[in-house]
Every structure is written in C-alpha cells, then in structure tokens.
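1. Give the three-dimensional model of this entry:
(one chain, ligands or ions: 1)
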Amino acid sequence: MKVLAIYHNNKVMKKYILLTLLFSAVLVSSLNAQQVTDISVLANKPVCDIQATMWGVFFEDINFAADGGIYAELIKNRSFEFTLPLMGWDDVSQNGSGRLLPTFYSPGDDLNPHYLTVAVDAPNGAFGLVNEGFRGIGVRSGNSYNFSVNARISESSKIKMKVDLIDPRGEVIGSTEIPGLNTKWSKFQSLIIASRTEPEARLRILFSGEGSVDLDMVSLFPADTWKNRPGGLRKDIMEKIADLKPGFVRFPGGCIVEGRNLTNRYQWKTTVGPVEERKLIINRWNMEMQNHQAPDYFQSFGMGFFEYFQLAEDIGAEPLPIINCGMSCQFNAGEVVPMTEIDQYIQDALDLIEFANGPVTSTWGKVRVNMGHPAPFNLKFIGVGNEQWDEQYIERYREFEKVLHQKHPEIKIVSGAGPSPNGKLFDYAWSELKKLSPALIDEHYYMSPDWFMKNSTRYDNYDRNGIKVFAGEYAAHSREAAAPESRNSWLSALAEAAFMTGLDRNAAVVNMASYAPLLAHVGAWQWRPDLIWFDNLNCIGTPNYYVQKIFSTHKGTKEIPVLNAGKPLTGTDSLYASASSDGSTGELYIKLVNNSKSAKPIRIAPEGYSFRKAGVIETLKSAGLYDYNSIEKPELIYPAEKQISMDGKKLTVNLDPWSVNVIVLKYKK
Ligand code: AHR
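-> Alright, predicted model coming up:
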C-alpha cells in the first residue's frame, strides 16, 4: 500500500512540475511579447528650478462655492438684501398671526439698506419666519451652532423670541431662547445644539406676544469652523483644499471678476470691513446657465478679500488676486470703461496692494489692521483682467502695467491670453504682450480629453527666456455620451494627468497652474466638471482632485529629465512621464501615466546618484473610464500606495491599465 502511495505521489509531483514549467514558459514568452519600456531618469542633470508656486488653486464663487459653500454661514439672505427681500424666508404661524414687512433703514444707506419688521399678533400662540438655508441647512448630531441676530422691538411691544432648528417635517432638533429684546438695535447671540444629523434642516424663529420686532443679519454658523474662527469657513472643504498644499490661491475668479456688466463687476473694496457693511450683489452666475439657473445666488461677501488673503496665508500659498481691468465679461455685456476713466480702476489695484502690504499709517493698510491682521499679507502677484481679449484689453492692460511697474516694481503682473488655447485672439494677445512686460501670461483651456492627451508637448517649444506661463484655468471636458455637461470622469482626470506631465517637464516655462473651477455644490451647481464637490454635510475629492494632489504633493524643487530612447515620453505607446527631485525631502519623484487598456512593464534606470532599495509607488486608477466619485461613493477612485524595491541600479514596475502613478525614491546620503 505504502509503495503504491509513493509511486502515485511521484506521478502527481512529475505532472505538477511539468505543468509549472509549461506555465512559466507561457508567462515568460507573454512578458517578452509585452514590450518592456526602458526609461532613464537623469537625476544628476536637473533642467531648472521648479517654482514653489507651480501647482495652485483657482477659487471662484460659482456653483455656490462661497455663499452656501466654503463660507460657513447657514442662513440664506440673512440681511434681507436679495432683490426679493423675502427670498429664502417664509412665514409660519402656530395659533397666532402677523406679517413680514421688508423695511428701509433710511434712504441713502446703500450698504445694507433693508431690515425686516415682523408684526406679531400671537397672545396665545406664535408667529414667525423660517429660513430654508442653501438647499437646506446641514447639521450634525451633537454639534453646536452659533445663532445671532440684530434686533429691536417697538415701544410697548411685549414679545418673546424662540429659535428652533427643525427637520423637513417640522420636528424640532435643536432650540434656544433669546431673552431681553429691547427698543435699541442690539446683537443677540445664543448656541443651538443639534440633537440629530439632518442635511436639510431649517431655522425657525418664533415670536409670541403682541407688537412688532425688527430683525437684521440673522445668522447661524457651525461653532466648528476652519481654525475655529467665528463666522469663518467650512472646515471639511478647507481641509480638502489645504491637503493639496497649493503654491498659490487665485481669487476671486474667473468671470466673476468681470461681472455681466461693469456695475456687477467684483469690487474688492466693498468686500472688506465689518460683514454687515459689505454690499451684497447678484452673483453673475445666477441666471447664466440655461439648465442650471439659480435666482437665489447672490454674493454677500462674507467671504471677501480679507478672507481670501487669510485663506492663502493659512495654507502657505501665495495670494494671487485678479482685478477688473475696466472691462465686463465679453461673453455678456462686454462693457468697457472709456480710457479717460480707467484711472479709478488702476487706483483700485494700487489700493489693493496697499491693503495687502501697506503699513497701519496708510489708508488701506489700516483697514487690514483693523480687521485683525497687523502684519502685511506679503502680496507678490496681481492679475490684471481675467479672460479678456482683443485690442480693448491690450489698451487697458498697457495702462495698468505702466502705473504698476512704476509704483510697485516688486509686484509681478499676470496678464491674460483670452478664453482659448490657440487661434487669432490668442496669437494676438501673445504677440502684443511680448512687447510689454507682464511676468506671466494666463492661458485657459477647457478642452476634450483627446486634446489634453495630444497636448502634453504644448510647451516644449515655448521660449525658455520669455514671459512665463500661468496655466490659470484648465479641465478636460469629456461630454460622455454626448451629455451637455461633463462629469469628473476618470477619463478626464487621466487626460489631465497626461497633460500635466507636460507642464511638469516645462517648469522653465510654466510657473503656475490651476484646475478650474475648484468647488461645486451637488444641489446648486452651474458648471461641471469641478475639482471638489460638496453637499450640506459632506465634501469629496474627484479623480481630478487626486491627480492634482499627486502632482502638487510631489512637486519637487528641480525638474529632472526622463527619457525613453533619448526622448521625453509624451504619448509613445500611450505613456507619459515627468520627474523632479526635492532638495528638502531628499526624494526623487517619477510621474508615469499609462493611457491604455493594457498594463505596461517599465524598467527605470535612475542615473547619477544611488538610491535606497525601498521605494513607494502611488497609483490612481479605474477600470471604467467614465467612473467618477460621488457623495455616496466618495473613494471609488482613490490613490493606493505599494512598496517597491530597486533591483541593483534598476527598478521594474508594471503600470496598471489606465493609471496615474508617482514613484518615490530616496536618495542615499
Ligand atoms: O471656470 C469657469 C469660467 O471659465 C471662469 O469664470 C472663466 O474665466 C472661464 O470662462
């Protein structure tokens, strides 16, 4: 029996060995068939410095990015200044009656001219008002919310005030009482704790008694804001932005700088100082997009220029304000200020520099100091005009440049090349701007994924000694299934990554780059795709966000050549590559994009230095090109890290299909 068993086992063993040999042969021949791409990384031959500003963010108040978004105020139309003063508000009665009467302070007070008078007739019940928030009010169980209101009652009124958070069925999920109403305007504050998480809560203010009460600046903020600043910014969104470690923050846009007409343009001076004195205006995006109109979209400027500067400072980014150059949006009214009146626009730019950098003894420096920032913001850049074009722009830009260079030679000026990445207007802008001396020219491209894949060589032939490029607005629009608006699909992110290796490889030309737009509310957007999406409680990164993060957190300080057969990898065999080294971390970063459905074996030879054996590869990928992250599946496409190890002086990695990768190697000391 035993002999038989050994004989049988031997037979099984032989069969197993044979099969293994056969399988290995097939594997080897298939690997041989799959060509290995050899790349050399010339770590000892850096091309140029990479600017600390290289990867930044573009902030514009579009898609409810500021009010209803990063600005954590939860009450819409808090000061009754919307065109319809009761928009966002509704009356409510509980066995009582009354009226809501929008009222003027006095003619001539044009900053915050309205308040609300509530006539109350509720001796045995209550009458009041409810605010719907920005598509609801998001509250979390156990969290505290700071309620405040400016109020007064009329002589002989006997009125009590109660404030509730209610859910959509009217059930109370948090409450407070405001005692001590009197006949003088006073600010009342109280804390409400939410007993339940609710994405679409409302704020209800109930009055009992008889008489009338005046209200203004009705406000509700989460106590837990970014850096715990009262009346501050939404923490989860700020954390997502900070995680990008952006080199700069461009603000406040975008077309919002221009306005639909000049009256509607962004005027920074009306956005600083006490919040109740910032003049609210219509947001130019409110009725712009036919399928995504938002008549309730206004700019309260609670997030104004001081807050933008502070945001940039908080995250260690250079502030890059863009200033109106005397032109409104050329896609809309195209209003242009006559050259005889351009001085006031130029003065706005000069005053802005004073606001940011001036001493307390200067008019605008004092405004900054009074707002709680004695130190200068150390402004180094200013953008003149957003996406303007043609002679009208050049004529105006020239005047700005003349004065700014004369009065502030230390400030670098960013000019613009218009809305398209090429064509007559683009060429005209470049040829005229070359005769002037902006530090950077802002180029915009909202193009197809195919365009992005094909344009990774865009900057290879730009003049190394010429004006630098600011890739100030870009995003791949994939229009999947011929949809009018694109999603943040994996295809779009992959295409941007391929293109971004081209920005990375041309650090001598491209000094700044930012994806656009940055933020969008899932229930209130106008423009898609966008980098970060949020609802009233959550905030998610798109695949495009993670691509940006891979590049910005592996920026490096020197550009390093990556060559395949002596040439950069710019789409050969669907591969794209760039590299950089970082003097402070002692690391080498190799970015590799595989834009094909097959895995790609790559043999990398980093030259000139020795590297530690152990390294890391971070990969972002998805099998579905039209996959995207959502509030429900926020990490469907999410970077994963794997350990890798050098084999002598080489490193072999197998790039996953449709993947964006960064390899991190440590220099040996
Ligand atoms: O990013 C959205 C818009 O696109 C910007 O406001 C404008 O500059 C561009 O046309």
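2. Identify the residue nearest the residue in the chain that the ligand sits nearest to in space, chain neighbours excluded?
-> The nearest approach of the chain to the ligand comes at residue 254, 3.1 Å away (CB to the nearest ligand atom). In short, each C-beta sits where N, CA and C put it, glycine included. Nearest residue to residue 254, sequence neighbours excluded (CB to CB, 6 or more residues apart in numbering): residue 60, at 3.3 Å.
3. what's near enough to touch that neighbour?
-> 251, 252, 253, 254, 255, 256, 516, 517, 518 (CB atoms under 8 Å, 6 or more residues apart in numbering).
4. Reformat those residues into CSV and put secondary structure next to each item.
-> Output for the contacts of residue 60, formatted as CSV (DSSP: H, G, I helix; E, B strand; the rest coil):
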residue, secondary structure
251, strand
252, coil
253, coil
254, coil
255, helix
256, helix
516, coil
517, coil
518, coil
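5. Now compare the residues you listed and name the two farthest from each other.
-> 255 and 518 (14.2 Å; CB to CB).
6. Show me which of those two is the more surrounded one.
-> residue 518 (29 against 22; other CB atoms under 10 Å).
7. thought that one was touching residue 66?
-> No: counting by CB atoms under 8 Å, residue 518 sits too far from residue 66 to count as a contact (10.7 Å).
8. sorry, back to before: of the contacts of residue 60, grab the buried ones for ChimeraX.
-> Of those, the buried ones go into a single ChimeraX selection, burial set by 16 or more other CB atoms under 10 Å:
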select :251,252,253,254,255,256,516,517,518
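9. still on that earlier bit, ok, the residue of the chain closest to the ligand to residue 61 distance?
-> Going from residue 254 to residue 61 by CB to CB, to the nearest Å gives 8 Å.
10. Which strands or helices does the helix or strand hosting residue 351 pack on?
-> Using DSSP states H and E, residue 351 sits in helix 343-357. Packing partners of helix 343-357 (3 or more CB pairs under 8 Å, 6 or more residues apart in numbering; DSSP states H and E): helix 305-314, strand 318-323, helix 363-370, strand 381-384, helix 390-407.
11. Pick the most deeply packed of these.
-> Mean neighbours per residue, mean count of other CB atoms under 10 Å, is largest over these for strand 318-323, with a mean of 25.
12. near the ligand at all, it?
-> No: applying CB under 6 Å from any ligand atom, one finds strand 318-323 separated from the ligand by no less than 9.1 Å.
13. That strand: how far from the chain's middle?
-> 14 Å (CA atoms, centre = their mean, to the nearest Å).
14. Touching it from outside, list them.
-> For strand 318-323, contacts defined as CB under 8 Å, 6+ apart pick out 52-53, 56, 247-254, 257, 268, 305, 308-309, 312-313, 345, 348-349, 352, 356, 377, 379-386, 414, 512.
15. just to revisit the earlier point, quick check: buried residues in the helix holding residue 351?
-> 345, 346, 348, 349, 350, 351, 352, 353, 354, 355, 356, 357.
16. can you redo those as CSV with pLDDT and distance to the ligand?
-> Below are the buried residues of helix 343-357 laid out as CSV (pLDDT from 0 to 100; distance: CB to the nearest ligand atom, whole Å):
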residue, pLDDT, distance to the ligand
345, 98, 18
346, 98, 21
348, 98, 19
349, 98, 19
350, 98, 24
351, 99, 24
352, 99, 19
353, 99, 23
354, 98, 26
355, 99, 23
356, 99, 22
357, 98, 26
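17. Pick the one among the residues you listed closest to residue 36.
-> residue 356 (53.1 Å).
18. The closest one contacts residue 371, correct?
-> No: in this structure, residue 356 is not within contact of residue 371 by CB under 8 Å, at 11.9 Å.
19. returning to what we had before: how about the helices and strands packed on helix 343-357 in TSV, adding distance to residue 597?
-> Formatted as TSV, the helices and strands packed on helix 343-357 follow (distance: least, CB to CB, whole Å):
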stretch	distance to residue 597
helix 305-314	41
strand 318-323	39
helix 363-370	54
strand 381-384	41
helix 390-407	44
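20. Rebuild the ones you listed as TSV, extending it with mean pLDDT.
-> Below are the helices and strands packed on helix 343-357 laid out as TSV (pLDDT from 0 to 100):
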stretch	mean pLDDT
helix 305-314	98
strand 318-323	98
helix 363-370	98
strand 381-384	98
helix 390-407	98
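21. Just give me the longest strand of this protein.
-> strand 198-222 (DSSP state E).
22. same for it, what does it pack against?
-> strand 89-94, strand 114-131, strand 137-139, strand 144-153, strand 158-166.
23. angle of it against strand 144-153?
-> 70 degrees (axes from the mean of the first three to the mean of the last three CA atoms, to 10 degrees).
24. so how far is strand 198-222 from its chain's centroid?
-> 32 Å.
25. So which residues on the protein come close to the ligand?
-> Within reach of the ligand by CB under 6 Å from any ligand atom, the chain has these residues: 60, 62, 253, 254, 255, 386, 387, 419, 473, 516, 517, 527.
26. Kind regards, and thank you for your time.
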